[in-house]
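Participant: Build me a structure from this.
(2 chains)
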Amino acid sequence: MPCQAGDLTLKIGNLFFNEPLEKNGPRRNIRKATMDNDRIDRIIDKHRGEASSLIQILLEIQSENRWLPRKTLERIGEKLGVPLTRILHIASFYKAFSLVPKGRHEVHICMGTACHVRGATRVLDTAQERMGIKPGETDLDLTFSLETVNCLGCCALGPVMEVDGRTHGKITPGEAEDVLKKLQVG
Amino acid sequence: MSRIHSPVELEEFRKSILAERDPNKPCITLCSGSACHATGSKDVAESLVQELEKQGLTSEVDIRRTGCHGYCERGPIIVIHPEEICYFQIEPGDVPEIIDQTIKEKKIIERLLYSDPVTNEKITHESEIPFYKNQERLVFGSNGCIDPKSIDDYLAIGGYGALSKSLFEMTPVDVLEEVKKSKLRGRGGGGFPAGRKWEGSRNAPEKTKYVIVNADEGDPGAYMDRALLEGNPHSILEGLVIGAYAIGAQEGYIYVRQEYPLAVENVTLAIKQAETLGLLGKNILGSGFDFNVIVHQGAGAFVCGESTALMTALEGRVGEPRPKYIRSNIKGLWEKPSVLNNVETWANVPLIINKGADWFTQLGTEGSKGTKIFSLVGKIANTGLVEAPMGMTLKDIIFKIGGGIPGGKKFKAVQTGGPSGGCIPENLLDLKVGFDELSQAGSMMGSGGMIVMDEDTCMVDVAKYFIGFLTDESCGKCVPCREGLRQMHRILDNITCGKGKESDIALLEQLSETAIEASLCALGKSAPNPFLSTLRYFRDEYEAHIKEKRCPALSCKNLISYYIDPDKCKACMICAKQCPAAAIDGGKKKIHIIDPDKCTNCGTCFDVCPSRFGAVTKISGEPVPPPIPEKDRIIIRKSKEK
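Facilitator: Presented below is the predicted three-dimensional model:
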């Protein structure tokens, strides 16, 4: 399980990941995901341009754009007078932020304690194998993003896998495999 | 709705709400908490609306979508008032029958009622069901009868009465003394006396002070704060305003995880409603007291549940804890005195003001008063949120309220206190829950997670799980936590993979000691608890993993093999068809064999093999028997021979 060195390089690599790569096969439905400056400015103004609202501003952009492109972060830095290093510090510290584009299907597997004792690890292993990615990663053709979450608040249904906001409760590794297989084809 | 200017107007407004409500009018309450939502309560709500419309009953029956009722195991839940008829596991298809039978004809639908798992007796009323009957639902009880989006519902059950009493009948010092007298202790983990924390801030010289709600509930397997914030946001707001009045704060923050969008939505709406009515903002209820609340969304970092880290995050920075040479109630947010309490702590405050500290202290043990909401999850029959009086025994909570372990399995341990807590074994089940009692047993109260484990749970794996979680969540400021936990996780991982060495336990103990002594905040200081408590009570399991390369619970993937017992296999092909790795060789009437080279140990065959056959077994610590000779694999059915 632990492969810290690899993760670290990947994370640092991610910081410089600006736009989705245009090679490697077909890209369906990928949003060209850099926000225009007007939209960014409006969000900043909503928070009265205060540097203390930095996290709230980033959260709003993340929820609208689903990831934080470098250009957007630079714009925020300029507007708020905050150095880019500090913004990147925050954006890489908190789990809600993504510095890479997200796949079309967001798969969240609950690793809360209740799900863990009911076999969530086996579900995660199967899902990882199916998608070929680890938690926190997005596959190369932007089909799937895989995340582990720490509690979805439906412990009665554990183990739980949430795909694009839909909850699949009491899921077995086999069922998880089926759900993902369908999405991959569709 | 117009602004309320005085306590008299508040009471008049309350009366006018109650006057419009007919207590005998049928009202269907539907649980819309996160668990019920996931099991389809939204669809049930839609079909309720449609069905009532179809039958022309829209004006004669009220529908109320409430917050979490707690009994998540059997969601979605419907309670029909005034009779208090309780139906479980409702599907949209059941709705027409409910309207026809129960609403129109006043008949009870037997099949939707709670049925006792032992006696099969049907129980109609919520309050008679063992899960609810044995609880003391002071804080959580209102969740089931109010719509969190309606301030009228909260006012109808006496809401904001405690605020009015505090502002007009009590001085800030009176409020403070009452809370101190109640011996209320922080419900978020530390258990620090709330009154003393408030007093420190009140007496601090700075004029600007803050009050903060800690709703950064990060413990995996605990969701009571979420349920309260989603289901009854006004109770927390009311507590917060009372606290602000007592210490003299004019501004408050609610720090809530962005992972809880409904909680953010409901509490933001509640603030707006309270502002419109003059229960928040300038000159509250005409008392001259001003107080504003801001919602701040947390961006996902477990460490931000720690008080100083949370304050740093509120300031718009990376949530790293700060040293506490001076406590945060003296120098906290923006270096100003700041009282930070957990959601549940704030929700207790209006109760204490309304009913008095003497009433509150009747419940509980010497050191811990009142009730505590636990999230009872894991290998337990009745998963859900339960509110128990302090001093109830673990046994009563797990077996009387929780209904024991499902599937006839044996209880092994209960983990309390979240990732920093510990595991309590069976021989300590008579322990009374309380802050001090749990600490003495090597665990802690924490925010109230209670994860029940049965014989299939490996305790080394549990320790590894929590240490792994904390390794990920460590902010990285202190070396013993950042690096020490990483090493502990690596060693524990080795042990569960069968690569453990005899010296590992001593090394883990040494690393634990360093992390406890030399970390700045509670995350690092308490991080070794899961290891230390499992070692204290389950040392034999560690030794079995290290010396015999055996997992006694048959859970650690790398230490077990799956084996199909040829005497039991009926060659039904179920496992072979479902094996994701195509590792099972066999055919109809040909006994199945697992190819160990292909097997990924996912356990699918074990799960799907029909229990009447029970042919797939797990083996640990001993070699897998060799496959039977090819010629013996063909099953000749006796019926065919005849």
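Participant: tally of neighbours for residue B:164?
Facilitator: Other residues near residue B:164 number 23, with proximity taken as other CB atoms under 10 Å in any protein chain shown. Glycine gets a C-beta too; all of them are placed from N, C-alpha and C.
Participant: That one belongs to a strand, doesn't it?
Facilitator: No: going by DSSP: H, G, I helix; E, B strand; the rest coil, the assignment for residue B:164 is helix, not a strand.
Participant: Chain neighbours aside, what residue packs nearest to it?
Facilitator: With CB to CB, 6 or more residues apart in numbering or on different chains as the criterion, residue B:164 has its nearest non-adjacent residue at 4.4 Å, and that residue is residue B:7.
Participant: for that neighbour, what are its contacts?
Facilitator: Neighbouring residues of residue B:7 by CB atoms under 8 Å, 6 or more residues apart in numbering or on different chains: B:164, B:167, B:168, B:285.
Participant: Apply 10 Å and report the result again.
Facilitator: B:160, B:161, B:163, B:164, B:165, B:167, B:168, B:169, B:285, B:286, B:287 (CB atoms under 10 Å, 6 or more residues apart in numbering or on different chains).
Participant: so how far is chain A from the first one?
Facilitator: In this view, residue B:160 and chain A are 28 Å apart by CB to the nearest CB, to the nearest Å.
Participant: Now that residue: phi and psi?
Facilitator: Dihedral pair for residue B:160: phi 60, psi 10, per degrees, to the nearest 10.
Participant: Can you tell me the closest non-neighbouring residue to residue 97?
Facilitator: You didn't say which chain, so I picked chain A. Leaving aside its sequence neighbours, residue A:97 sits nearest to residue A:91 (CB to CB, 6+ apart; 4.5 Å).
Participant: wrong chain, I was asking about chain B
Facilitator: Leaving aside its chain neighbours, residue B:97 sits nearest to residue B:109 (6.1 Å; criterion: CB to CB, 6+ apart).
Participant: The residue nearest to residue A:97 is in contact with residue A:98, isn't it?
Facilitator: Yes: judged on CB atoms under 10 Å, residue A:91 makes contact with residue A:98 at a distance of 8.6 Å.
Participant: And the chain, what are its domain boundaries?
Facilitator: Answering for chain A, as no chain was given. For chain A, automatic domain parsing gives the domain ranges A:21-93, A:105-185.
Participant: ah, I was thinking of chain B
Facilitator: According to automatic domain parsing, the domains of chain B span B:25-81+B:85-124, B:151-362, B:371-454, B:459-547, B:560-641.
Participant: how about these in CSV, adding mean pLDDT?
Facilitator: Formatted as CSV, these follow (pLDDT from 0 to 100):
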stretch, mean pLDDT
domain B:25-81+B:85-124, 91
domain B:151-362, 94
domain B:371-454, 93
domain B:459-547, 95
domain B:560-641, 88
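Participant: on that earlier part again, residue A:91 and residue A:98 - which one has more neighbours?
Facilitator: With neighbours defined as other CB under 10 Å, residue A:91 and residue A:98 compare such that residue A:91 has more, 24 against 19.
Participant: Please report how far the more buried one lies from residue A:68.
Facilitator: Using CB to CB, to the nearest Å, one obtains 6 Å as the distance from residue A:91 to residue A:68.
Participant: hmm, back to that, contacts made by the helix or strand harbouring the residue nearest to residue A:97 with the rest, please.
Facilitator: Per DSSP states H and E: residue A:91 is located in helix A:84-93. Applying CB under 10 Å, 6+ apart, the contact partners of helix A:84-93 are A:11-12, A:14-15, A:51, A:54-55, A:57-58, A:62, A:68, A:70, A:72-74, A:76-78, A:80, A:82-83, A:97-99, B:299-301, B:303-304, B:313, B:316-320, B:475-476.
Participant: redo that, cut-off 6 Å
Facilitator: By CB atoms under 6 Å, 6 or more residues apart in numbering or on different chains, the list of residues contacting helix A:84-93 from outside reads A:68, A:73, A:77, A:97, B:318.
Participant: Could you find the closest non-adjacent residue to residue B:477?
Facilitator: Once flanking residues are discounted, residue B:477 sits nearest to residue B:320: 5.0 Å by CB to CB, 6+ apart.
Participant: my guess is that neighbour meets residue B:475, correct?
Facilitator: Yes: the pair residue B:320 / residue B:475 is scored as a contact, 4.8 Å apart, by CB atoms under 6 Å.
Participant: So between the two, which is more surrounded?
Facilitator: Per other CB under 10 Å, whichever of residue B:320 and residue B:475 has more neighbours is residue B:475, with 23 against 20.
Participant: separation between the residue nearest to residue B:97 and residue B:568?
Facilitator: Distance from residue B:109 to residue B:568, counting by CB to CB: 42 Å.
Participant: So what does the residue nearest to residue B:97 look like in phi/psi?
Facilitator: When read as degrees, to the nearest 10, the backbone of residue B:109 gives phi -90, psi 110.
Participant: And for it, the neighbour number?
Facilitator: 14.
Participant: same question, residue A:128
Facilitator: Around residue A:128 there are 15 other residues, counting by other CB under 10 Å.
Participant: Let me see the contact set for it.
Facilitator: Under the criterion of CB under 6 Å, 6+ apart, residue A:128 has no contact partners.
Participant: Could I get the full set of helices for chain A?
Facilitator: Assigned by DSSP state H, the helices in chain A fall at A:4-15, A:37-46, A:54-65, A:70-80, A:84-93, A:113-117, A:120-131, A:173-185.
Participant: Give me the angle between the fourth one and helix A:37-46.
Facilitator: Relative orientation of helix A:70-80 and helix A:37-46, computed by axes from the mean of the first three to the mean of the last three CA atoms, to 10 degrees: 40 degrees.
Participant: pLDDT weak spots in chain A?
Facilitator: Applying pLDDT under 70 to chain A flags residues A:1-34, A:186.
Participant: Spell out which parts of it neighbour chain B.
Facilitator: A:1-2, A:51-52, A:54-55, A:59, A:89-90, A:93-96, A:112-114, A:116-117, A:122, A:126, A:150-151, A:153-157, A:167, A:172-174, A:177 (CB under 6 Å from any CB of the partner chain).
Participant: Whatever helix or strand residue B:539 lives in and chain A, are they touching?
Facilitator: Taking DSSP H and E as the definition, one finds residue B:539 inside helix B:529-547. No: using CB under 6 Å from any CB, helix B:529-547 stays clear of chain A, coming no nearer than 10.1 Å.
Participant: What are the buried residues along that helix?
Facilitator: Of the residues in helix B:529-547, B:529-535, B:537-538, B:541-542, B:544-546 count as buried by neighbour count, 16 or more other CB atoms under 10 Å in any protein chain shown.
Participant: For chain A, list the residue farthest from the centre, please.
Facilitator: Residue farthest from the centre of chain A, counting by CA atoms, centre = their mean, is residue A:48 at 27.4 Å.
Participant: Tell me how far the spatially most central residue of chain B lies from residue B:388.
Facilitator: Centroid-nearest residue in chain B: residue B:222, 2.6 Å away (criterion: CA atoms, centre = their mean). Counting by CB to CB, the gap from residue B:222 to residue B:388 is 15 Å.
Participant: One more: residue B:227?
Facilitator: On the measure of CB to CB, residue B:227 and residue B:388 end up 15 Å apart.
Participant: what's the answer for residue A:81, then?
Facilitator: The spacing between residue A:81 and residue B:388, counted by CB to CB, is 51 Å.
Participant: Between those two, which is the more surrounded one?
Facilitator: Legend: neighbour count by other CB under 10 Å for residue A:81 and residue B:388, higher for residue B:388 (25 against 8).
Participant: Now do the SS call for the more buried one.
Facilitator: Assigned with three-state DSSP, residue B:388 falls in the strand class.
Participant: and what of the one 3 residues further on?
Facilitator: Under three-state DSSP, the three-state class of residue B:391 is coil.
Participant: Nearest residue to it in space, please, no chain neighbours.
Facilitator: Closest residue in space to residue B:391, ignoring its immediate chain neighbours: residue B:365 at 4.2 Å, by CB to CB, 6+ apart.
Participant: give me every residue that touches that neighbour.
Facilitator: So residue B:365 contacts B:390, B:391, B:432, B:434 (CB under 6 Å, 6+ apart).
Participant: No further queries at this time; thank you.
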